[in-house]
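*Asks:* have a look at this prediction, sequence included:
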Amino acid sequence: GHAERGIPRSPRPACWWRTPGKAAQGSCRGRHAVSHNMSSRRKARELALQYLYCIDLNQEGFSEKGLEQFWSDHEAVEDVRSFAERLIRGTTAERGNIDGMIQTYAENWSLDRLAVVDRNVLRLAAYEILKEKDIPLSVIINEAIEVARKFSSEESGTFINGLLDRIGKVMRKEEKVKAG
């Protein structure tokens, strides 16, 4: 944890921005409702990104207690929450594998040089590419681009598109070869 690394622990984690498109630090606490005019899967991805952002920024791992606290601060209907939790649990469980894969395809970029939002959008989408076989690659990439554009920048969307396209072509091609 933080103590062994000599990093002071703040009483309330600074881990999320208050307005889309601006990376202003805020708190994980407080009610955050996601717009109802977007798809439930998009809402789930945005909520999963918020959780992953929090634990990444605070250099923490997944915990049931942390997830319970997150849901006490964020409203979501059951199908949104269920898909978000599947993404959160899967992404955190596969993080080492996913980070290695991202590092392999992110030419001239180290993970720690990527913006926290971009790094976690990539992790989330890479998990979907690897494990959510029922979701088409083009949908995963488009969703990641839209989430990145909303919470990061236009340039992030372009970078994420290129990187996920490379990862997807290799990972989904390997699937076809193994299946065939």
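*Replies:* All right, it came through fine.

*Asks:* check which helices and strands the lengthiest helix in the chain is in contact with.
*Replies:* Scanning the chain for the longest helix, with DSSP state H as the assignment, gives helix 154-179. Counting by 3 or more C-beta pairs under 8 Å, 6 or more residues apart in numbering; DSSP states H and E, the packing neighbours recorded for helix 154-179 are helix 95-105, helix 116-131, helix 137-151. No exception for glycine: its C-beta is placed from N, CA and C like everyone else's.

*Asks:* so what's Leu124 up against?
*Replies:* Leu124 makes contact with Arg45, Ala48, Leu49, Leu52, Leu87, Thr91, Ala144, Val147, according to C-beta atoms under 8 Å, 6 or more residues apart in numbering.

*Asks:* so of those, which ones are in helices?
*Replies:* Using DSSP H, the contacts of Leu124 in helices are Arg45, Ala48, Leu49, Leu52, Leu87, Thr91, Ala144, Val147.

*Asks:* count the residues that sit near the nearest residue to Leu137 once chain neighbours are set aside.
*Replies:* Closest residue to Leu137 in three dimensions, ignoring its sequence neighbours and counting by C-beta to C-beta, 6 or more residues apart in numbering: Gly168, at 4.4 Å. Gly168 is flanked by 21 other residues according to other C-beta atoms under 10 Å.

*Asks:* and what of Asp118?
*Replies:* 23.

*Asks:* in stretch 72-88, which of the residues would be classed as buried?
*Replies:* His74, Ala76, Val80, Arg81, Phe83, Ala84, Glu85, Arg86, Leu87, Ile88 (16 or more other C-beta atoms under 10 Å).

*Asks:* next: stretch 137-148.
*Replies:* Leu137, Ile140, Ile141, Glu143, Ala144, Ile145, Glu146, Val147, Ala148.

*Asks:* same deal with stretch 60-76?
*Replies:* The neighbour-count check on stretch 60-76 (16+ other C-beta under 10 Å) flags Gly66, Leu67, Gln69, Phe70, His74, Ala76 as buried.

*Asks:* ok, Ser40 - contacts?
*Replies:* Val77, Asp79, Val80, Phe83.

*Asks:* give me the mean pLDDT for the host helix or strand of the second one.
*Replies:* The reference is to Asp79. Element membership for Asp79, per DSSP states H and E: helix 78-93. Regarding helix 78-93, the rounded mean pLDDT is 98.

*Asks:* output it as PDB, nothing but the C-alphas.
*Replies:* Output in PDB follows, covering the C-alpha atoms of helix 78-93 (Å, rounded to 0.1, in the frame of the first residue of the first chain):
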ATOM      1  CA  GLU A  78     -29.500  -3.400 -12.400                       C
ATOM      2  CA  ASP A  79     -28.500  -4.200 -16.000                       C
ATOM      3  CA  VAL A  80     -26.000  -1.300 -16.100                       C
ATOM      4  CA  ARG A  81     -24.600  -2.200 -12.700                       C
ATOM      5  CA  SER A  82     -24.300  -5.900 -13.700                       C
ATOM      6  CA  PHE A  83     -22.400  -5.200 -16.900                       C
ATOM      7  CA  ALA A  84     -20.200  -2.600 -15.200                       C
ATOM      8  CA  GLU A  85     -19.300  -5.000 -12.500                       C
ATOM      9  CA  ARG A  86     -18.400  -7.700 -15.000                       C
ATOM     10  CA  LEU A  87     -16.100  -5.200 -16.800                       C
ATOM     11  CA  ILE A  88     -14.600  -4.000 -13.500                       C
ATOM     12  CA  ARG A  89     -14.000  -7.500 -12.100                       C
ATOM     13  CA  GLY A  90     -12.700  -8.900 -15.400                       C
ATOM     14  CA  THR A  91     -10.400  -5.900 -16.100                       C
ATOM     15  CA  THR A  92      -8.900  -5.900 -12.700                       C
ATOM     16  CA  ALA A  93      -8.400  -9.700 -12.700                       C
END
